[in-house]
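Enquirer: Starting from these lines, generate the structure:
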Amino acid sequence: MELKRVYELAEEFLEGRGHGSGVRMGRPRKYTDALILTLMAAQNLWHMSFRETLAIGRRLFGEVPAVSNYHYRVKTMPAELISDFISFVAKRLVDIEENRSFSWAGDSRRHGLQLR
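Expert: Sure thing, here's the model as predicted:
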């Protein structure tokens, strides 16, 4: 799955939870929670350092937080939110794979192939 697609899923996930719709005290955040969740997913999936993660993020998304800001946001992200996001993405991956296998099975039947 492409990182841009993970970002879209993060936005969908946060929007579905109503996350970020409330009024927040202090200065507005420059980088969205969707971006932070996406970078965290990439970092953990590919076992990268903070700096490597931000370098890849910079190539894909343009502007990313500094290492210290990213580290702070990762550290303060609620564990439940991270866990729920991982479950959400995993469910979407399963749904995608099921749809692919069903469409492939349909194609094979049309062409006289049998699945075992």
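
Enquirer: Lowest average confidence across helices and strands of this structure, where is it?
Expert: helix 79-110 (a mean of 75; mean pLDDT, DSSP states H and E).

Enquirer: for the closest residue in space to G57 that isn't next to it in sequence, what are its contacts?
Expert: Nearest in space to G57, with sequence neighbours left out and distances taken as Cβ to Cβ, 6 or more residues apart in numbering, is V64 at 4.2 Å. Using the backbone N, CA and C atoms, a C-beta is placed for each residue, glycine as well. V64 makes contacts with 31, 35, 39, 54, 57-58, 70, as judged by Cβ atoms under 8 Å, 6 or more residues apart in numbering.

Enquirer: Do you know the pLDDT at V64?
Expert: Model confidence at V64, expressed as pLDDT, equals 96.

Enquirer: again with R24
Expert: 71.

Enquirer: G18 too?
Expert: At G18, the predicted lDDT confidence score is 80.

Enquirer: average model confidence for stretch 37-56?
Expert: Rounded to a whole number, the mean pLDDT of stretch 37-56 is 94.

Enquirer: Go ahead and name everything in contact with that stretch.
Expert: So stretch 37-56 is in contact with 3, 6-7, 10, 13-14, 57, 64-65, 67, 70-71, 74, 77, 81-82, 85-86, 89, going by Cβ under 8 Å, 6+ apart.

Enquirer: Likewise for stretch 85-101?
Expert: Stretch 85-101 has contacts (Cβ under 8 Å, 6+ apart) with 1, 6, 9-10, 13, 37, 41.

Enquirer: Let me know the closest of those to H19.
Expert: The shortest distance between H19 and any of the contacts of stretch 85-101, using Cβ to Cβ, involves F13 and amounts to 8.1 Å.

Enquirer: any idea how far the residue lying closest to that closest one once chain neighbours are set aside is from R27?
Expert: For F13, the nearest residue in space outside its immediate sequence neighbours is F88; the separation is 4.8 Å by Cβ to Cβ, 6+ apart. Going from F88 to R27 by Cβ to Cβ, to the nearest Å gives 28 Å.
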